[in-house]
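Engineer: Would you be able to build a 3D model of this:
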Amino acid sequence: MNLGVRMQLCLMMFLEFFIWGGWFVTLGTFLGNNVNATDSEIALAFSTQSWGAIIAPFVIGLIADRFFNAEKILGLLHLIGAGLLFLMYKTTSFEVFYPYVLGYMILYMPTLALVNSVSFNQMSNPAKEFSLIRVFGTMGWIMAGVLISYFFKWDSTGGIMQGMLKNTFLMTSIASIFLGVFSFTLPKTPPKAKSNGDKPSLREILGLDALGLFKDRNFLIFFISSILICIPLAFYYQNANPFLVEVGMESPTGKMTLGQLSEILFLLLLPVFFTRFGFKNTIIVAMLAWFVRYLLFAFGDVGEREFMLLIGIALHGICYDFFFVSGQIYTDGKAGPKYKSSAQGLITLATYGVGMLIGFWIAGVISNKYLLSDGMHIWDSIWLYPAGFALVVSILFALLFKSEKIDYQS
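Structural biologist: Next up, the predicted model:
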């Protein structure tokens, strides 16, 4: 890969995750304070991510793998998404906000698979090269949090009271326009399934060939485990920022970027760990990290035990990288060259789709259960639920998944 292409992919990843991190982290706090949304409504808003992820494999299988270049679809989706982000910036009621965020997430979630496809298409060995590109996505997420907390101070007590968090949607709308235009300059990523010149069958058009991966017992176990571990993950996305705001942490969004800083470290360590200890052990470590993180949240506070909250945030590098990035690399190696996009869409379906859809609903129910009359929550009880679930899933995966070696060369 030449330097020019590498720089393009790095900027693409930076903007992709800057846009997501720039509004999604503070969504729960925004909804609770700006539009007086209930816990159930907040859960409903977060679940739009899951509906987008469920639809994503069909978008990818129907379009990206079959008919049009991935980079062109990526650009179009981000340009339309920029308009929806601007409409979210203008809204003041949940009833108006919800259709916009639903439409946006249906457009955005397929782009997670598309940026991976564009990247993998330029690599000869994704297991070694992908982490160095993906780390710029983490930097984009960090930059968004730093701007929100330390530059604009939108999540300060005064900023929240003044409703300043709505500006996150304006900021990311501008970034989405830039990425949409920039995407059309990315390396060409043609639909691989048409490369042999054959007319695609209905099965191919719907992306159903990628479902053949389920014949592999290990991949099926990994897919099911991906769904299950994302149930506790939903608790973090939905509750972490409101939790830190509620317990009185200063600049919570900025401090949450400590998780992305650790993500950079563990992205760089991932190829070494992945090669030395294998895929199975990497995934088990990630799952156990979720268990430890939620225990730290349950028993930490903003006084003498604030270090526990900060360690819990910092564990994000292991929680996210060792599971999601390893899973993307594993899936790429399993799928083969023809159905890489469809296979990545399947993992998006499992993780951000089905698993987190269930998780957001459960998190909303449990949050309501431990909601006090003054609007505060009993957070130590809430966090014990995802901790226990993550422990159970890690044990089941360790028992059922058989260690294996596969060829990760594209």
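Engineer: Could you use CA atoms for every contact and neighbour count after this?
Structural biologist: OK.
Engineer: ok, residues contacting whichever strand or helix holds Leu44?
Structural biologist: Using DSSP states H and E, Leu44 maps to helix 39-59. Contacts to helix 39-59, defined as C-alpha atoms under 8 Å, 6 or more residues apart in numbering, come from residues 28, 31-32, 94, 98, 101-102, 105-110, 206-207, 238, 342, 344-346, 348-350, 352-354, 356-357, 360-361, 363-365, 367-368.
Engineer: which parts of it are buried?
Structural biologist: Within helix 39-59, the residues scored as buried using 16 or more other C-alpha atoms under 10 Å are 39-59.
Engineer: Next up, the contacts around the closest residue to Leu244 other than its chain neighbours.
Structural biologist: In this structure, Leu244 finds its nearest non-sequential neighbour in Pro252, 6.0 Å apart by C-alpha to C-alpha, 6 or more residues apart in numbering. Residues near Pro252 by C-alpha under 8 Å, 6+ apart: 149, 155, 241, 244-245.
Engineer: Select only the buried ones of those in ChimeraX?
Structural biologist: A single ChimeraX command selects the buried members of those (16+ other C-alpha under 10 Å):
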select :149,155,241,244,245
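Engineer: I'd guessed Phe17 sits against Val135; true?
Structural biologist: No. Counting by C-alpha atoms under 8 Å, Phe17 sits too far from Val135 to count as a contact (10.2 Å).
Engineer: Quick check: phi and psi on the residue most central in space within the chain?
Structural biologist: Residue closest to the mean C-alpha point of the chain, counted by C-alpha atoms, centre = their mean, is Tyr352 at 6.7 Å. Dihedral angles of Tyr352 (phi, psi; degrees, to the nearest 10) stand at phi -70, psi -10.
Engineer: quick one: it and Ile229 touch, right?
Structural biologist: No. Counting by C-alpha under 8 Å, Tyr352 does not reach Ile229; the two are 10.6 Å apart.
Engineer: do you know how far the closest residue to Thr138 other than its chain neighbours is from His316?
Structural biologist: Once flanking residues are discounted, Thr138 sits nearest to Gln260: 5.8 Å by C-alpha to C-alpha, 6+ apart. Using C-alpha to C-alpha, to the nearest Å, Gln260 is found at 7 Å from His316.
Engineer: same deal with Met308?
Structural biologist: Distance, Met308 to His316, using C-alpha to C-alpha: 13 Å.
Engineer: Look at the two and report which has more neighbours.
Structural biologist: It is His316, of Met308 and His316, that has more neighbours when counted by other C-alpha atoms under 10 Å, with 24 against 19.
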